[in-house]
Every structure is written in structure tokens, then in C-alpha cells.
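# below are the sequence and a predicted model; questions follow.
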2 protein chains.
Amino acid sequence: LAFTQFEACPGIVDLAWGHPPPSALPVDAWAESCTEALRAFGPRALTYGYANGPGPLVEWLCERLGRTDVRAPRPDEVFVTAGASHALELVCALLVRTGDTVLVDSPTYHLALRIIGDHTADLVPVPVDEDGIDPVGTERLIHHLRGEGRRIPLLYLVPTFNNPTGACLPPDRRGALVEVARRTGVTIVEDDTYRELAYDGTAPPSLYGIGDGYAVIRVGSFAKTVAPGLRLGWLNASAELVRRIAARGYIDSGGGVNHTTAATMAVFGSSGRYERHVTVIRALYRAHRDELVSVARREFGHSSCGVPGGGWFLWLRLPPGVDSTLLLPHAEANGVSYVPGARFYRSSGGNGRGYLRLSFSMCEPDLLAEGVRRLAAAVGSAPTGHFPKPGHVGTL
Amino acid sequence: LAFTQFEACPGIVDLAWGHPPPSALPVDAWAESCTEALRAFGPRALTYGYANGPGPLVEWLCERLGRTDVRAPRPDEVFVTAGASHALELVCALLVRTGDTVLVDSPTYHLALRIIGDHTADLVPVPVDEDGIDPVGTERLIHHLRGEGRRIPLLYLVPTFNNPTGACLPPDRRGALVEVARRTGVTIVEDDTYRELAYDGTAPPSLYGIGDGYAVIRVGSFAKTVAPGLRLGWLNASAELVRRIAARGYIDSGGGVNHTTAATMAVFGSSGRYERHVTVIRALYRAHRDELVSVARREFGHSSCGVPGGGWFLWLRLPPGVDSTLLLPHAEANGVSYVPGARFYRSSGGNGRGYLRLSFSMCEPDLLAEGVRRLAAAVGSAPTGHFPKPGHVGTL
């Protein structure tokens, strides 16, 4: 019986999964926090928790988010979730009805497309260019779709260290997009999972902060900063929306959705362990990022990728005409794996097939380099079938 | 900022909330299990978990469920959830579409009605008599509703130590109800939360076991046996349905829904702590049950309540004509609280207003007795407005 989601495949350098390396998981510090939390809170850590999350964690989160962003949420604007994916699931369960249109960025987190897709089949990509979402085109699209009678509750994106590109939406577009949300009443869901993993200075201000808490729901996570197995995250939204989430039957029934773990995280945070841990893993992932960018540019050319300013992923452009979907089995036969670019697009039609996502979180630098060398060898030796006609694929 | 769901109200004996007392929460044993699990599993306890739940817990659960019931599920028939409420939410998200008809027992767990109600507004009570659900009438109702074109995915009940009545569905009706589910294709959701808390021998065989894993989804929980704050439970269903749940976008994104806690529970279980703890709290709750039944019968007469064979609740019949909904503010002014019977019915029309639910889990025996005395005093001194016309209320 399996224990974990990812099990290593012998002989494969896995650059596909966005998972932490074992060395980045704070086993001892978390064990100490468990002991301390149970000592400090006693039975209160084990009984039904307050729906919005235990006070000490909400308080610590408000303080922390105020330090890493332009706006500290008020306590009644915080809801502690069982991870960012669970936050998105909760938001969709509350706000999306079957048949609704949900707008999405491209490329964007492929499993977010799946989560939203469990609630409605109608996901529509908004216009993008090389800098990301085009706010003017997005507003035009919203009016057009509404003219067709469609109901549009949400627009989903990862504006900061995007999964899969690592890119950040430029500041002027952030402001413009929040204005579009305000004018049209389409709520932005800002997936802010990677904010703390900024490698070249500070992350840009969140859409949530720019909007002063209006028109934007932000989802955040401890999966990347502490440990994914905890299944702990949060969302920030208006106090009214937080109340509506807390009033959901299953939350009223069970109380806080991950109470004991949340109480432990309060200790992990307030004891200083969080800050120390994030500092350590930020340096670790920065070194991974630097190695991957360097070897990718060496093997595929300087213009094959940008430098992701944060997060876990690098978005690699393959040589003209190489199709990352068709290449994958050949690459795996050559001992390296990745996620093909097309997975990060809602629409088919060749989008992203000239790109692929490499995760630099899990493998040590030596292995990252070996993986990219294998990838380059796979591209160099791919059968001709992997180079479809120009124009058909290879566009962003 | 609040920490827990329930905060005691000074001067009130609270017999409303179904919560454990602090003394029944295994603070030290859980702390030891945390330490041991992190030592035994290391980073594997903290990374993304296997969607269905970590192998050691699934294995232990199969073995344990085989000992407490007529059928041990196979490992691929187990999905570890974030509590029983979360299991019900997952099942509804997968199987219930807006507009569907979901059948429910009466009286039944009031918050299950809320959970289901988040997915469809059409909840229909099935016919019941003093022994519980009437299988013949239920089959007739299903045919009738289908004749009207309604889609009926589920029938929800707590057949074993029902919340709020503490009653068990008789063996012959269990078999008959499973047959109805098989013949009609309406899936039974069996809420089996209280199985381990049996005070007078063994709990009756589950519908899940009687059906040999077909036609029934069982949901279970560690909230009552270990600690509600953990948010850990499970469901048993066909391997195909378990696969469909695991394939949901948000589970594919986050992996096991409460992985670190589940890994810790595997240690809590296999170390023998679970067995020892359940033995201790079973005796504790049995003593609470005995005291509450004894004092309730003393104050309200022998026929005012049955003896719940397990679980946390006693279903008290008030003197003829007393309305438990109208009585509540008066009772609280007299220093005792409870949940009025009408809450456990989907339909209005006076159902359950002659009854109320008393929880015997949280208060020590002395306080249980004091609560019931206050309740009797409240009934004795209630203003005449609390005794509406006969026939209007007071029926089951």
C-alpha cells in the first residue's frame, strides 16, 4: 500500500512533480511544535476547533501577512483551510454553479483547472501576452460573455511566481486587473502559494492588498513553506464571505477544518521556527533555481527560459518544432521526466506544446543538471515524429 | 479571538453540544504518537500523502473494522477523510446535483441535513415508525418520486446509535433496507460514527457489511473515539467510487486530505493506544449514560426515554403539550441548554417538538443530574405560552 503521493521511479530524474525534497521538511522542528502545542493548549488543541481557525494562528497569520505584503488582513478576513487546493474547492463550492463561466489565466496551474472543472465545465481563458493577463482584453471578454447571458463568478490566476512559468504579473497590470474586477463584479481568486519563496528581493504586492480586500479572494498555503502533508492553508476574503464559508454545513458540523494541526502551526509560527525554516529553504531553493537556469541555458540557449524570481518551476522553451507532449515518452526512456506545457492550458489547439515545466524543488543541483542533460539528449535524438510541422505547435 | 467551537456559557449546564469532555481527550498519548510517527516515517509523514490515505492507516483500519463489524473492507475500499462530515461533503459533491432528491431518516443528525442541503434543496424524509425507517414504505416512496421524474442518488441515515435518539435500526430492517437500495439503485449513506461507543455489548452489523460492500457507502470518524480536532475519518465504498473520489481535482492537487495526522493515527492505532483509549472512554460514557437515563426517568417518568445502547445522546419526551422549541429560552434562563427535537427533522409541521436531545458526553454525572433537575424545574414553571394546543405539537 502506498504511503506518499510521489514514489520515485528508478532510473528517472523526476523534474515533473512540484514536491519538496526530504531535506526541506522540518521533521524535528515540527515534532517539537507538536509537543509544545499539546502542552500549551492541552485538550483545547484536540476538541472541535473554531470554524475560522484557532485564534493564535489567525493572529500570527495576520501579523505575518502584514509583513510580507502591502495589507494585513483583519482577523475576520481570515479562514484557515486544509491547504490552498481545499481553499479553492471551498470557494468554488460556494460561488460556482454548474454552467457558470470561470475565467482562467494561461498557462496556469493545471490542477486548479481540474478543481474548478469539478464545479463547472465552462472554463474560459482570458487574453494574455508575454507579460501575462491583458486587463483591457479581459474586461472586453467579460462584457462579451455577459452579452451571451453567461454568469461569471470568478477569475483564477497565480500572479506571483506563476505555476508553471515562475513569472509575476507586472505592477501596472495588477492595479488594472483589480479595477476590472471592481467594475465588472467578477471576483479574482489570487493563488498566492509562492509569495514566501522569493529569491531576488521582495515579492510584488498581492492583488488582494492592492484591492484593499475587495474584489479579490486570496488563497495561501503552508505546503511550500512548511510541509504539504499537513494540509494547512488559508484564505483571505471579505468578512462577509468568510462568514458564508464558516456557515457551510460541513464546517458547522466539524468545526475548524484542520484544528489540531492549525494549533500546532500557531506554535511553529510564534516560536520563530517558521521564520528560521523559511529562511533556510529559500536559500536552498534559490541555489536549485540558479543551477537549473544555468544548465538549461547552457543546453538550450540563453533565450530558452527566463529566470523565475520565486516559486518552484522553470518554463523551458524547446527548440522550434519540438512538441513537449510527444517528446515525453522518449524523454522518460532517456531517464528524465517533466510536465508538458499543454497541460497548463484550458484550450487545446497546440498551446504550450513548444514548452515544458521543470520543477527545481525536489532534486539536488547535481541531479537537476543531469536531468537537463538527459532532456537535451532526448531532444537531440528524438524520432522525427516528435517534430511536427511548423505553425502547428510551438507557440505560447 | 476564539480557539474552540464551544465556549462554556457561565451558569449554563450545557447538554446541547455533542462534544467530548477534556478528560476524554488523549493529550499525552497523542503527543507520544506524534513524536513516534515523525521518528518512524520521517519526511514521508510531512510530504504529499497518498490520496486514499497512508498505507499503514488503511491497513490498520481494515483490520480494526473487520473486528468491530461483519465485514472487513479491502484496502481499495477505504478512503481516509478529514472527518465524517467531510466524508459526507465529498460524497455529496461527487454524487448529488442541484435539484436531486436526497432521502433522509427522521429524526436524524441535524447538521447532516445542512451538509446535504448545501448540495440540493430537495431533502425528503422517508416513512418511519417507532422502530425507525420503514423499508417497504421507503421503496414505495422511491417509486413514487421517480414517477414524478426525480433523480434520487442517496438515502442518509445513522442506523447505529442514531443521533439524536441513540436507537439502532432492528436487524430485519437493516437487511430489508439494503435490499431496497439494491433493487432501486438508491445508494445508502450509512453514518457509522458511533459504532465503537457501544455500552451494552456489541453494535449491530453495519448496513455496509450486510450489503457486502454494495449499495452502501459507510462514513466513519475518529472524532468520537480519539479527538474531534484532528479532523480525521474515513469512508468505505466500492473500489470504483473510491477511485472517483481520489480523482477529484482538489485531492489530486493536495494528495491525502489529512496526511500527517493520518500517519500519526496509524501509530496511535498500531501501538495499542487506540484500543486502550476506547476502552477507557467507553466506560466513562457508559457511566454518563447510566446517570442521565436514571435522573431523566426520575424527573420525567420511566417512559420519557429509552436507554441509548451507545453514542452520546438521549432523546427525551417532554410531558404532553410541552414544546421543546418554545421551552428553550426559559430553560436557558433556568441554567440548562439542549437541542430542541424539531431541529432533527427536515419537515416542519410540529415534528419532534415534544422531544429534545440531551448530550451526555461532555458533562460529568453530577452536572448531568443538575442539568436535568433544572430542566424539570423549567418545565414545571414554564409560562402557559409554552404549552400550545394539544395536537399541534408533541408528536414524534
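Cool, the structure landed. Numbering: from 1, shown residues only, chains lettered A, B, ... in the order given.

# the strand or helix carrying residue A:253 - contacts with which helices or strands?
Assigned by DSSP states H and E, residue A:253 belongs to helix A:249-254. Where contact means 3 or more CB pairs under 8 Å, 6 or more residues apart in numbering or on different chains; DSSP states H and E, helix A:249-254 is packed against helix B:84-95, helix B:110-117. Every C-beta, even on glycine, is put in place using the N, C-alpha and C of the backbone.

# which of those helices sits most buried?
Across those, averaging neighbours per residue (mean count of other CB atoms under 10 Å in any protein chain shown) puts helix B:84-95 on top, at a mean of 25.

# give the next helix or strand downstream of it.
strand B:101-104.

# in its sheet, what does that following strand sit against?
If you go by DSSP bridges, strand B:101-104 pairs up with strand B:122-125 (parallel), strand B:154-157 (parallel).

# chain center to the helix or strand following the first one: distance?
Meaning strand B:122-125. Heading C-terminal from strand B:122-125, the first helix or strand you meet, by DSSP H and E, is strand B:128-129. Strand B:128-129 sits 19 Å away from the centroid of its parent chain (CA atoms, centre = their mean, to the nearest Å).

# how much space between residue A:212 and chain B?
Distance of residue A:212 to chain B, computed by CB to the nearest CB, to the nearest Å: 22 Å.

# find the residue closest to that residue in space, skipping its chain neighbours.
residue A:71 (6.5 Å; CB to CB, 6 or more residues apart in numbering or on different chains).

# hmm, residue A:282 and residue A:197 touching each other?
Yes: if you go by CB atoms under 8 Å, residue A:197 and residue A:282 touch, sitting 6.1 Å apart.

# who has more neighbours, those two?
Between residue A:197 and residue A:282, residue A:197 has the larger neighbour count (other CB atoms under 10 Å in any protein chain shown), namely 23 against 16.

# any idea how far residue A:221 is from that one?
Counting by CB to CB, to the nearest Å, the separation of residue A:197 from residue A:221 is 11 Å.

# how about the residues of the stretch 101-250 of chain A by chain B?
By CB under 8 Å from any CB of the partner chain, the residues of the stretch 101-250 of chain A that approach chain B are A:111-118, A:223, A:227-231, A:248-250.

# in chain A, which spans are helices?
Applying DSSP state H to chain A gives helices spanning A:27-41, A:55-68, A:84-95, A:110-117, A:135-147, A:171-184, A:207-210, A:239-246, A:249-254, A:259-270, A:273-300, A:324-333, A:365-381.

# give me the angle between the first one and helix B:27-41.
Here helix A:27-41 runs at 180 degrees with respect to helix B:27-41, directions being taken by axes from the mean of the first three to the mean of the last three CA atoms, to 10 degrees.

# and helix A:27-41, what does it pack against?
Judged by 3+ CB pairs under 8 Å, 6+ apart, helix A:27-41 is in contact with helix A:259-270, helix A:273-300, helix B:27-41.

# just the shortest one next, same as before
Where contact means 3+ CB pairs under 8 Å, 6+ apart, helix A:207-210 is packed against helix A:171-184, strand A:187-191, strand A:216-221.

# and that helix, how far from the chain's centre?
Relative to its parent chain, helix A:207-210 has a centroid offset of 17 Å by CA atoms, centre = their mean.

# any weak-confidence spans in the stretch 101-250 of chain A?
Nowhere does the stretch 101-250 of chain A drop to pLDDT under 70.

# export the helices of chain A to JSON lines and tack on distance to residue B:365?
Converted to JSON lines, those look like this (distance: least, CB to CB, whole Å):
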{"stretch": "helix A:27-41", "distance to residue B:365": "26"}
{"stretch": "helix A:55-68", "distance to residue B:365": "32"}
{"stretch": "helix A:84-95", "distance to residue B:365": "40"}
{"stretch": "helix A:110-117", "distance to residue B:365": "48"}
{"stretch": "helix A:135-147", "distance to residue B:365": "63"}
{"stretch": "helix A:171-184", "distance to residue B:365": "57"}
{"stretch": "helix A:207-210", "distance to residue B:365": "51"}
{"stretch": "helix A:239-246", "distance to residue B:365": "34"}
{"stretch": "helix A:249-254", "distance to residue B:365": "27"}
{"stretch": "helix A:259-270", "distance to residue B:365": "28"}
{"stretch": "helix A:273-300", "distance to residue B:365": "42"}
{"stretch": "helix A:324-333", "distance to residue B:365": "65"}
{"stretch": "helix A:365-381", "distance to residue B:365": "62"}
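
# just name the most buried of those.
Mean neighbour count (mean count of other CB under 10 Å) peaks for helix A:259-270 among those, with a mean of 27.

# list the contacts of residue A:296.
Contacts for residue A:296 (CB atoms under 8 Å, 6 or more residues apart in numbering or on different chains) come out as A:304, A:305, A:314, A:316, A:358, A:372.

# any idea which of the residues you listed is the one closest to chain B?
residue A:358 (18.4 Å; CB to the nearest CB).

# in chain A, which residue is closest to the centre?
residue A:193 (4.8 Å; CA atoms, centre = their mean).

# ok, back up a step: could you dump the strands paired with strand B:101-104 into CSV with mean neighbour count added?
Below are the strands paired with strand B:101-104 laid out as CSV (neighbours: other CB atoms under 10 Å in any protein chain shown):
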stretch, mean neighbour count
strand B:122-125, 18
strand B:154-157, 25
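
# including distance to residue B:15, could those strands go into TSV?
Below are the strands paired with strand B:101-104 laid out as TSV (distance: least, CB to CB, whole Å):
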stretch	distance to residue B:15
strand B:122-125	25
strand B:154-157	24
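
# quick check: which of these is nearest to residue A:30?
strand B:154-157 (37.3 Å; CB to CB).

# could I get the closest one in CSV with only the CA atoms?
C-alpha atoms of strand B:154-157 as CSV (Å, rounded to 0.1, in the frame of the first residue of the first chain):
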residue,chain,number,x,y,z
LEU,B,154,-28.8,8.9,-1.9
LEU,B,155,-30.5,7.9,1.3
TYR,B,156,-28.9,9.2,4.5
LEU,B,157,-29.2,7.7,8.0
